[in-house]
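> have a look at this prediction, sequence included:
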Amino acid sequence: MSSAKVAKPGKPGGENLVFQRGGFTVRKFWCAFFVFWPIVAIIYSLISSLVPSLGWWFPGPSVTELGQRIDNLFYLILYIVTAVFIGTQIAMGYVLWRASHSKDERAWFSHGSHSLEVIWSVVPSVILLFLALYQMDVWALFRVQAYFPKEARDAPIAEVTARQFEWRIRYPAPGKKLQLKPQPDDLYDVNDLHAPINRAVMIQLRSEDVQHSFFLPHLRVKQDAIPGQIIPIWFKAEKQGIFELTCAELCGWGHYKMRAQLTAEREVEFEAYLKKLQADQNYDGHATPSAVAKKDE
Amino acid sequence: MSHSPSQGHAVPPIKMGLAIPNSKLCMWLFLGTEIMFFTAFIGTYIVLRMGSKGWPTDPDVTHIRVAAGGINTFVLILSSYFVVVAHEAMGAHDFGKARKFLQWTFALAFVFLGIKGFEYYGKIDHDILPGHIAENDQQAKAKVLRESETAVANRLERLAAKAVSSKAAEKLPEPKDDATKLKALLAEAASKPDVKEAEDYRGFGEMFKQFDLLKQGILREDLSLHDVETQLAGLKANEQWGYVFKSVHEPHPILYGNIFASCYFLMTGFHALHVIIGMLLFWILLKQASLEGWHDFLENSGLYWHFVDLVWIFLFPLLYIV
Amino acid sequence: MHNEHSPHEHPKYAVIFGALCVFTLISIMADVVELPWGVKVVAVLSVATCKALCVMAWFMHLKFERGWKYVLLAPTTILALGLPLALTPDIGEHYYTQEVPQLDDFAEHQARAAAHHGSAAAVD
Amino acid sequence: MSAAGVAQEHGHADEHAQGAHGHHEQSFIQKYVFSTDHKMIGKQFLFTTLLMLMLGGALALGVRWQLAFPWTSMPIFGPLFANAGGQISPEFYTMLFTMHATVMIFLVIIPVLAGAFGNFLIPLMIGADDMAFPVLNMLSYWFMIPAIFCFGMSFYFGGAASGWTSYAVLADLRAAAPGSGSAQTMWLMGVTFVGVSSMMGSVNYMTTIINMRAPGMTLFRMPLTIWAMLITAILQAFALPVLTAAGFMQLFDRLAFGGWLEGIHTVFFIPAGLVVNNTDPTVGGGQPLLWQHLFWFYSHPAVYIMLLPAMGMTSDMLACMCRKPIFGYKPMVYSMSAIAGLGFIVWGHHMFTSGMNPALGMTFMVSTVMIALPSAVKVFNWIGTIWGGRLQFNTVTLHCVGFVSMFIVGGLSGIFMAAVPVDIYIHDTYIIVAHFHYVVFGTTMFGVFGAIQFWFPKMFGRKMNETVGKWHFLLTYIGFNGAFFPMHMLGIAGFPRRYADPYVHPYLEHLLPLNQFITISAMIMGFAQFLLLGNFLISIFRGEKTGRNPWNANGLEWAAPSPPGHGNFDVPPVCFRGPYEYSNPNRADQDFWMQTDPTRPPKNPPEDPAHGHS
Ligand code: HEA
Ligand code: HEA
Ligand code: CUA
Ligand SMILES: [Cu+2]
């Protein structure tokens, strides 16, 4: 880059690497380069969020109201963060351009500015505190048991037990309440959780072996199943359908295939499903079971 | 550095930093990290204990002896005291005295470890070891069964090996796999008049019968823990072969016993490890022909030793009294 | 400059040693005498803290050190107390229901033992 | 390796430095292997970590291969691993990302910052002739070797397979992850050794920085690198013992002996009654969440251990490259301290969905969000430093700008996670993977690459090739963003991490092409590292020779010969001013003013130009 200049003895400093600022085009190129990529990032994000058919964004609008609120918080943060991102990148591009193109012999000698320092501590801290406090109630609604809807709290519909690598589901017999300990007339199913829609339902989550995580992406629900704890979760699906239920916590080699589904259906259908489970379970070998075969194991 | 500065004027005569030797600063910083290390252990113990709806505290169950802990506390305090006076003596250049005090410290550390070892022995003797402890009747019974089966199998194996000639021993089946074959071999051996230990086998048939009773009882689950206890005591009491069951522990379920034992051994174990490291430091000192010039070393080892003492000062009430 | 203190400054180590022994005796007494559990905990832990302070102040010469001791020990103390404190809401207490099978079994067995006085009981 | 540089124009000076320490010849072993010289130890760390970077990167490419071309045989590496036709099995995949993270975090990033640059720079920058405890320093390097050995054994035994977080119960019970029995144990021992190594380093650094500064080097004349190293060492000293302790607990939980010891193991993290893989119910009484708390109590501060030194070095480089004092030196120091302090009280943000007490979740959310504040101060101050500077785009500058830019992205994505409700959805999805690669690779590694280029002349007396350096930057930067920016989208689409084959889930099937794009970008980035490695190795022997202060920088290290001899300084350094007096109007003849330069400012200094300029 530069020809080496041997340092004069006694004076610190060797050959001068610093003052070569590169050709004009080189400087322009790098400034453009650093400005270019945030633009790409933003365009890419815009495309992802505005073209849902690409599938690079949420897997559809949330099926629960609470999930909707989570999405809204996500967007709120996204707006703030995008503003900060654009702001800082523009500032960065500007100072880079200035610094690399300034015709001044010397850089501006300044150790900083107290007032600027105060401004850029206070403004973000206000924004951040607001962000934190603003999130609290959604969190409380999702996790603090006292805030759970009463209907959900009173009658958990099922107990879901995670194990390597499947989800076991236990319902109380129709008309009964779910007990902590298994009851003789409980109903069982594997990897297919049914829940009524338009009603807040609660589930008791357990793990039989290691830690798993109960993840319903379409409902924005996620809760780890911890061995030794029974953790209630609630949701209120507002749309009928079959939704993916996955495991989101590393639980061994089969973590990725710990796949199940949530069938959200109308109340009557749900009751019918429980009835059918009951009938299947009580099947004594005489009736013609249609659905028994469907069940694995 | 011996070189004089090329600059024209004098070097600012400032020694930057703290007015304590590097080694002492380093020791203190290290002790800071040690505090965090033990914080993790002690904190774990405290919260786990708070979070368990029960904790074995009865000394008859835990075999924790306040007296032993108390004496050990005293021993450590005394050894700490000897370190400071040794340090003082070093400061006064009385190396002989310092050495004597250090020897006391060293000896007391041994005493501490001895008492600690005695306590460990008591726990091991009663099988109060993490992972081994039955926490309910079911597990206690299963444990009795497991242990007595091993005891019987071991005894069989030993006897068979003794009884059968070395050539025959090669034919021996795997003892645990094939108890019946072993029994047959044993019977054969017992019938040989020239086997000295033949009398050992007298009554073994009876033993098998009684043991089977216990075993079936436990397996059928129609013995209460109390019954198992009585039967086991009966087996042990037999004059001829009771000794076979000596290694079987009394069935005493300890609720939360495993986590208790985990915490106990972890904390005291790491503390004992620190005692040993401290002893090494003192050993290095005592090995020196002259203690001259070892002042800083002694001071820093002393700091370390006091820290070891400090840890024990908290372990003692937490483990022995609370 | 140096923290080499002249001999007359030296504390009577024997006195400290005596105090430590007394503290130890107090702790043991707390165990021997029947005290409510809470009182006992507070008592022995305060005694332990006093002992620790004695050891640190005199045996470890902290009393004679300069300001750096605060810089070093204040954060350490905060962290050392803060860690167990922060663990308490999750481990020391339980927000969710704990599954402790051995606890249930234990209670069940104890109850059964009390009811049957050691006689056979063949329920699962 | 550095011998080539020693004998040059400052040869006479080196002689003096050596003279002070006796003239005895050092054998090869003493000089290059069991060296107690901080510079050599730093270089040893640097070589080791660069090597490990390649290894960790190769593992990452294995991960990427599986995600882009699931269940197809992997070229080059596939046959090596000889897994059923070079195919990656799910067990193997788990092991790949676990070991990838382990290597990258414990053997690359932490040791390259603290071990390599900490070692090399601390004594030089504070004007000491070596570390306070050279032998301890040497040991801290040599304790890396058993760590590497243990991780290697872990690999050999089939690989630890519990993620680098080694969450309890999965990592505690052998039956839970069949085949990783000894591997997980070796892994834990490796972590313990790394811990011991870091511990030794950190007490040594603290002692050295506190007590061995050159005359005049007051605390607030220390370069930000030194501040960062000091704060990092403090973080390590207080956080690491907790991990070591927890590691021991997990190790004892996993014990497996025979004889009368059979069945002995502790139960700290194991609750009772778990039926794993159809084995007998566990005995227990412990709490799995406890491990997470203890682990993150270390590992969150650890992410700042992985960042702060890079922040300090970038500050120094940026000031030099902009020929301008750092904007807000004291705020930079305070914000680093604040990051460190807050770093101790935010660990719970990794556990928002873990079944933690929700009240704790709220507390941790507030503290986590607040940690963005000191980070913001730092970002703005860096931008402020460039503002009005006189910049040239050399490789060092490029990496520094890359550092700041990537940190903004990585930091901002952290805000989403810090918000608990949002984290419910995005936890353990690829948005997390995107976040931390932006901070650990995008930020720290760019800082490190810049630092290698910047201090290379001091290390070897030669400089690295600029053109190759720029190509390396360009390709890495493009490859990096191509690889990791789309991961945000994957995360938003609910793509869980640690999945060997995510495409068994219908709602993820359509993401395969995006993953292939990511993989190709990762390969570009990966192969760009050969440029770095080649440039580095070749420049050691062929690079253009440089003098003492090729960058016209201010720090004490630039007053020493390049490379410094044993004992570092031929002239005992004295510090007369802060490290950032670039373009000081009091020096008309040059735009830098070395800390060792005894020149006094003139009697009537010109007006403070801070007000005058735009
Ligand atoms: C060098 C490493 C590093 C750094 C610096 C950070 C920095 C931060 N991290 Fe990150 N993090 C990791 C490494 C790092 N992290 C790793 C490795 C993991 C995953 C571990 C695993 O699970 O395997 C992780 C995971 C992780 C999680 C857990 C996610 C989950 O698993 O669900 C969270 C949650 O809060 C989080 C948050 C943050 C925050 C808030 C910061 C903040 O410090 C960032 C602050 C910076 C900025 C915000 C940008 C600059 C500021 C401005 C430009 C000012 C203006 C800004 C606003 C007003 C918003 N990180
Ligand atoms: C310092 C930390 C660091 C660094 C630098 C990296 C670098 C990279 N990481 Fe890593 N990563 C982690 C830390 C890091 N990672 C952590 C902590 C996890 C979490 C693990 C867990 O879940 O437990 C993770 C997980 C992780 C995943 C998620 C796996 C999963 O959840 O299923 C992925 C997937 O794409 C990934 C990819 C990459 C890539 C492509 C790079 C690239 O930057 C790598 C670029 C390549 C090189 C720099 C080297 C070039 C080498 C060659 C081309 C081969 C030559 C080989 C020889 C000569 C031997 N990483
Ligand atoms: Cu279950 Cu992952
Ligand atoms: Cu974190």
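Looks like it arrived, so ask away. Ligands and ions are numbered 1, 2, ... in the order given.

> any idea how far residue B:27 is from whatever residue of the stretch 51-200 of chain D ends up closest to chain B?
Relative to chain B, the nearest point of the stretch 51-200 of chain D is residue D:132 (4.5 Å; CB to the nearest CB). Yep, even glycine has a C-beta here, placed from its N, CA and C like the rest. Applying CB to CB, to the nearest Å, the value for residue D:132 to residue B:27 is 12 Å.

> quickly find the element holding residue 119.
The chain I'm using is chain A. helix A:114-143 (DSSP states H and E).

> hmm, I had chain B in mind actually
Here residue B:119 is assigned to helix B:95-125, by DSSP H and E.

> for that helix, packing partners?
Secondary-structure packing of helix B:95-125 (3 or more CB pairs under 8 Å, 6 or more residues apart in numbering or on different chains; DSSP states H and E): helix B:66-91, helix B:257-287, helix B:295-315.

> contacts (any at all) between chain D and the longest one?
In other words, helix B:257-287. Yes. With CB under 8 Å from any CB of the partner chain as the criterion, chain D is reached by helix B:257-287 at B:257-263, B:265-266, B:270.

> turn those into CSV, including distance to residue A:156 and neighbour count.
Formatted as CSV, those follow (distance: CB to CB, whole Å; neighbours: other CB atoms under 10 Å in any protein chain shown):
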residue, distance to residue A:156, neighbour count
B:257, 33, 27
B:258, 31, 29
B:259, 29, 30
B:260, 34, 28
B:261, 36, 25
B:262, 34, 29
B:263, 35, 27
B:265, 40, 19
B:266, 38, 20
B:270, 44, 17
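
> just to revisit the earlier point, what is the orientation angle of the helix holding residue B:119 with helix B:295-315?
Comparing the axes of helix B:95-125 and helix B:295-315 via axes from the mean of the first three to the mean of the last three CA atoms, to 10 degrees yields an angle of 30 degrees.

> list the buried residues for helix B:95-125?
Within helix B:95-125, the residues that count as buried by 16 or more other CB atoms under 10 Å in any protein chain shown are B:95, B:98-99, B:101-102, B:104-106, B:108-109, B:111-113, B:115-116, B:119-120, B:123.

> same check, this time on stretch D:160-172
Neighbour-count burial for stretch D:160-172, counted by 16+ other CB under 10 Å, picks out D:160-172.

> can you redo these as TSV with secondary structure?
TSV is the format used below for the buried residues of stretch D:160-172 (DSSP: H, G, I helix; E, B strand; the rest coil):
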residue	secondary structure
D:160	coil
D:161	coil
D:162	coil
D:163	coil
D:164	coil
D:165	coil
D:166	coil
D:167	coil
D:168	coil
D:169	coil
D:170	coil
D:171	coil
D:172	coil
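
> name the nearest of these relative to residue A:205.
residue D:169 (15.3 Å; CB to CB).

> residues touching that closest one, list them.
A:209-211, A:227, D:176, D:269-271, D:274, D:276, D:288 (CB atoms under 8 Å, 6 or more residues apart in numbering or on different chains).

> which strand or helix spans the residue in the stretch 151-297 of chain A that ligand 1 sits nearest to?
Closest approach between the stretch 151-297 of chain A and ligand 1, counting by CB to the nearest ligand atom: residue A:222, at 9.4 Å. Using DSSP H and E, residue A:222 maps to strand A:221-225.

> how about residues contacting that strand?
By CB under 8 Å, 6+ apart, strand A:221-225 touches A:64, A:67, A:160-162, A:205-207, A:211-216, A:231, A:233, A:235, A:248-249, D:353-355, D:424-425, D:427-428.

> count the residues that sit near residue D:156.
Using other CB atoms under 10 Å in any protein chain shown, residue D:156 has 11 neighbouring residues.

> what's the pLDDT at residue D:360?
Residue D:360 is assigned 91 on the pLDDT scale.

> isn't it up against residue D:349?
No. Here residue D:360 lies out of contact with residue D:349, judged by CB atoms under 8 Å, at a distance of 10.3 Å.

> compare those two (neighbour count), which wins?
Shown here are residue D:360 and residue D:349; by other CB under 10 Å, residue D:349 has more neighbours (22 against 19).

> hmm, residue D:423 and that one touching each other?
Yes. Using CB under 8 Å, residue D:349 is in contact with residue D:423, at 7.4 Å.

> so what sits against both of those two?
residue D:417.

> among the residues of helix B:257-287 next to chain D, which one lies nearest to chain A?
residue B:259 (11.8 Å).

> check the gap between that closest one and residue B:280 for me.
The spacing between residue B:259 and residue B:280, counted by CB to CB, is 32 Å.

> ok, now residue D:219?
36 Å.

> looking at the two, which is more packed in?
Taking neighbours as other CB under 10 Å, residue D:219 and residue B:280 compare with residue D:219 leading, 14 against 11.

> next helix or strand past the helix holding residue A:119?
Immediately after helix A:114-143, counting by DSSP H and E, sits helix A:150-154.

> so which residues on chain D come close to ligand 2?
D:53-55, D:57-58, D:60, D:63-64, D:97-98, D:100-101, D:104-105, D:108-109, D:163-165, D:433, D:437, D:440-441, D:445, D:483, D:497-499, D:522, D:525-527, D:529 (CB under 6 Å from any ligand atom).

> now list the buried members of those.
D:53-55, D:57-58, D:60, D:63-64, D:97-98, D:100-101, D:104-105, D:108-109, D:163-165, D:433, D:437, D:440-441, D:445, D:483, D:497-499, D:522, D:525-526, D:529.

> neighbours of the closest residue to chain C within the stretch 1-150 of chain A, how many?
Nearest residue of the stretch 1-150 of chain A to chain C (CB to the nearest CB) works out as residue A:145 at 7.8 Å. Other residues within reach of residue A:145, judged by other CB under 10 Å, total 14.

> and it, what's its pLDDT?
90.

> my guess is residue B:229 meets residue B:250, correct?
Yes. Counting by CB under 8 Å, residue B:229 touches residue B:250, with 6.9 Å between them.

> who has more neighbours, the two?
Taking neighbours as other CB under 10 Å, residue B:229 and residue B:250 compare with residue B:229 leading, 18 against 13.

> many thanks, have a good one.
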